[in-house]
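*Asks:* have a look at this prediction, sequence included:
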Amino acid sequence: MIKPNQAREFLRKLFDVSVAAADPLHCIPPYLQEIEAKKLIVIGAGKASAAMARAVEQHWFGELEGLIVTRYDHAVPTQHIEIVEASHPVPDEAGMKAAERILEIAQQAGPDDHVLCLISGGGSALLSLPVDAIDFAEKQDINKQLLTSGASISEMNCVRKHFSKVKGGRLAAAAYPAALTTLAISDVPGDDLSIIASGPTVPDSSTRFDALNIINKYDISVSDSAINWLNCPESETPKADDVVFSTTTTKLVATPMMSLEAAKKLVLDNGMTPLVLSDELEGEAREVGKVHASIARHILKHSTPVKPPAVILSGGETTVTVRHKGRGGRNTEFLLGYVLQSQGDERTFAIACDTDGIDGSEDNAGAIATPDTLSRAQALNVKAEDYLQNNDAYSFFEILDDLVVSGPTLTNVNDFRAVLILDEQP
């Protein structure tokens, strides 16, 4: 049974276990056995894509060549597959040039070739090649606006797809008629393949009219040329009945639920009851944090739907509507909302981290909250409400030395959250 003085260490173990469950070295090899080919042409993008490429090299015994683009500081040594680093979450020229080369590789594949595409979260920004109707600077600006608009990941990626030469199934169209196998690590609610990295190799059910509606909904500023493009049928993405998908196979090799199941097992092994809320929670991060705190308090008071000691687990991807210029990502903002709602409940501890090791654009994965978080802050004259109002959750937890810094994990199955509810007073 976990004691109060063990709570921090246990929460960190839960996070580490959830990340390990999505390690490409663990989840890629079984799927390579299903591919019948002497040679693989490897392409792909995402925060985990370099580690995925390394796993392919270590477990594929035929010929290999190709190109992968990943986030800065996420590259790993490889012998046959070239790794390029680029910017995330706002695309840069390195990503654009890599996307151009990946598109060319796909276009050059013939009917006797087998293309292996490795996709993970972050690929939308890393595989950024705009259509001719907009220049790269506008593509970057649209991306920045979407990131701070409060739009969901599916809404953001809908817009991205319709301004891209590779997203929304267009990379599959470029590779046709070559055989194309996609191995994907999911970082999106519901594991929708068309949303992971904006679905470069799968059919897209969203439309150009959806993209226009999202632009209007969130008041995204775009050029007349961009609007004219979306009003043109040519801007539509390939749909499920398109022949370009007749030679494709797609597999999910790691998902948020797999990571939650790994954490659930650790909870059970330590004699506690897990309560898995969902692997696809969305909404404003601070509000989702308040809901988790309310559920924990209900369990403390009423021992239902589970009895303490227990752990609430959840995954998914929340959003942050940025109104001020503080530092932080959705996980620290979730946790600050949780702290203010829990108001120092004496038997609850919480962790919220991004499984890629990077919360937003900061250097932390997330943070940990304890029963004395607010009292420690007050002793330092730090007002939690002010930091939440300023979207400055990173600074709040940095002052308290409660940030979780893991460094890049080289995988990505989105947010991991755990609330530990003990059955004795600290």
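*Replies:* Great, that's in hand.
*Asks:* all strands for the stretch 51-200 of the chain, in order.
*Replies:* Assigned by DSSP state E, counting those that start in this stretch, the strands in the stretch 51-200 of the chain fall at 63-71, 81-86, 114-119, 179-185.
*Asks:* mind listing what's buried in stretch 171-179?
*Replies:* Of the residues in stretch 171-179, 171, 172, 173, 174, 175, 176, 178, 179 count as buried by neighbour count, 16 or more other Cβ atoms under 10 Å. The C-beta positions use only the backbone N, C-alpha and C, and glycine is treated the same way.
*Asks:* dump the residues you listed into a markdown table; add distance to residue 133 and pLDDT as well.
*Replies:* As requested, the buried residues of stretch 171-179 are arranged in a markdown table below (distance: Cβ to Cβ, whole Å; pLDDT from 0 to 100):
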| residue | distance to residue 133 | pLDDT |
| --- | --- | --- |
| 171 | 19 | 98 |
| 172 | 21 | 98 |
| 173 | 18 | 98 |
| 174 | 18 | 98 |
| 175 | 23 | 98 |
| 176 | 23 | 98 |
| 178 | 28 | 98 |
| 179 | 32 | 98 |
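*Asks:* and of the residues you listed, the nearest to residue 400?
*Replies:* residue 171 (44.3 Å; Cβ to Cβ).
*Asks:* how far away is the closest one from residue 178?
*Replies:* Distance of residue 171 to residue 178, given as Cβ to Cβ, to the nearest Å: 11 Å.
*Asks:* the helices in the stretch 201-350 of the chain, which residues?
*Replies:* 208-217, 224-230, 256-269, 285-302, 330-342 (DSSP state H, counting those that start in this stretch).
*Asks:* now the fourth one against helix 330-342, angle please.
*Replies:* With axes from the mean of the first three to the mean of the last three Cα atoms, to 10 degrees applied, the angle from helix 285-302 to helix 330-342 works out at 40 degrees.
*Asks:* who's in contact with residue 18?
*Replies:* Under the criterion of Cβ atoms under 8 Å, 6 or more residues apart in numbering, the neighbours of residue 18 are 259, 260, 262, 263, 355, 413, 416.
*Asks:* how about 10 Å then?
*Replies:* By Cβ atoms under 10 Å, 6 or more residues apart in numbering, the contact set of residue 18 is 256, 258-264, 266, 313, 315, 353, 355, 409, 411, 413, 416-418.
*Asks:* leaving out the residues flanking it, which one is nearest to it?
*Replies:* residue 259 (3.8 Å; Cβ to Cβ, 6 or more residues apart in numbering).
*Asks:* give me the number of residues near the one you found?
*Replies:* 26 (other Cβ atoms under 10 Å).
*Asks:* try residue 367
*Replies:* Neighbours around residue 367, by other Cβ under 10 Å: 31.
*Asks:* make sure I have this right: it is in a helix.
*Replies:* No. Counting by DSSP: H, G, I helix; E, B strand; the rest coil, residue 367 is not part of a helix but strand.
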